[in-house]
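> What follows is a predicted protein model with its sequence.
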Amino acid sequence: MVEFTVWDIVSNLLLAARWTVVLSLIAFLGGGLVGLALLVARTTPSRLLQKAVAGYVQLFQGTPLLMQLFLAYFGLALLGIETSAWTSAAVALTLYSSAFLTEIWHGCVRSVAKGQWEAAQSLALSFVEQLRYVVFPQAARIAVAPTVGFLVQVVKGTALASVIGFVELTKAGTMITNATFKPFLVYSCVALLYFLICYPISLYARSLESRLHAKRS
């Protein structure tokens, strides 16, 4: 029987942690782009677009991420699209992130004073120009902290990608546990690595929130 040292366990988990970070960044950045497009649609005067985006947000917020991963993995296959655990996880997490980011940013846009919208309209700006030059710059300052904070949820959400076979930190921990028969040690190391990834992000989000609050005051 091969004896695994603590360093063997940690080094293999560090290799898997790279994919956790990569998947998190893809989901966060992709979700941000989709979320921005949805935000613009939701702030248009069109009631139909507003309801459609609100329904999209409610769908992804009201169903478990685990089910969304399963649907992406098996649903793409039903459509005849040859997919992989990597592709399915990226698609599911991107859509999941876009729904939450849209809701976060929509709340920030609504927090912009009504007078700012009226001032932009009085300048004869088009709707897109109102968003670009008046509303979004103000909403962005409010949105920075919660947006960065949401990245922590995305990182932790990647753990569920292990159920469709994507080898990230949690999946690697399970595989190493099966080889070493040391579940407590292995999962303690997994938890520590998640903490080392997420804690600095949480601190940065709090720091941003404090600085922006001080500037607004």
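Structure received.

> Poorly predicted segments of this protein, please.
The model of the chain has pLDDT under 70 over residues 1-2, 212-217.

> Which helix in the protein has the most residues?
Using DSSP state H to define each element, the chain has its longest helix at helix 6-43.

> right, and the helix or strand after it?
helix 47-61 (DSSP states H and E).

> Mind giving me the packing neighbours of that next one?
Under the contact criterion of 3 or more Cβ pairs under 8 Å, 6 or more residues apart in numbering; DSSP states H and E, helix 47-61 touches helix 6-43, helix 85-110. All C-beta spots, glycine's among them, are computed from the backbone N, C-alpha and C.

> Which strands or helices does the shortest one pack on?
Contact analysis of helix 85-110 by 3+ Cβ pairs under 8 Å, 6+ apart lists helix 6-43, helix 47-61, helix 65-78, helix 136-157 as its packing neighbours.

> Tell me which other helices or strands the first one touches.
Judged by 3+ Cβ pairs under 8 Å, 6+ apart, helix 6-43 is in contact with helix 47-61, helix 85-110, helix 136-157, helix 169-180, helix 183-216.

> how about those helices in JSON lines, adding mean neighbour count and distance to S122?
What follows is the helices and strands packed on helix 6-43, written out as JSON lines (neighbours: other Cβ atoms under 10 Å; distance: least, Cβ to Cβ, whole Å):
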{"stretch": "helix 47-61", "mean neighbour count": "14", "distance to S122": "24"}
{"stretch": "helix 85-110", "mean neighbour count": "22", "distance to S122": "19"}
{"stretch": "helix 136-157", "mean neighbour count": "18", "distance to S122": "16"}
{"stretch": "helix 169-180", "mean neighbour count": "19", "distance to S122": "53"}
{"stretch": "helix 183-216", "mean neighbour count": "14", "distance to S122": "24"}
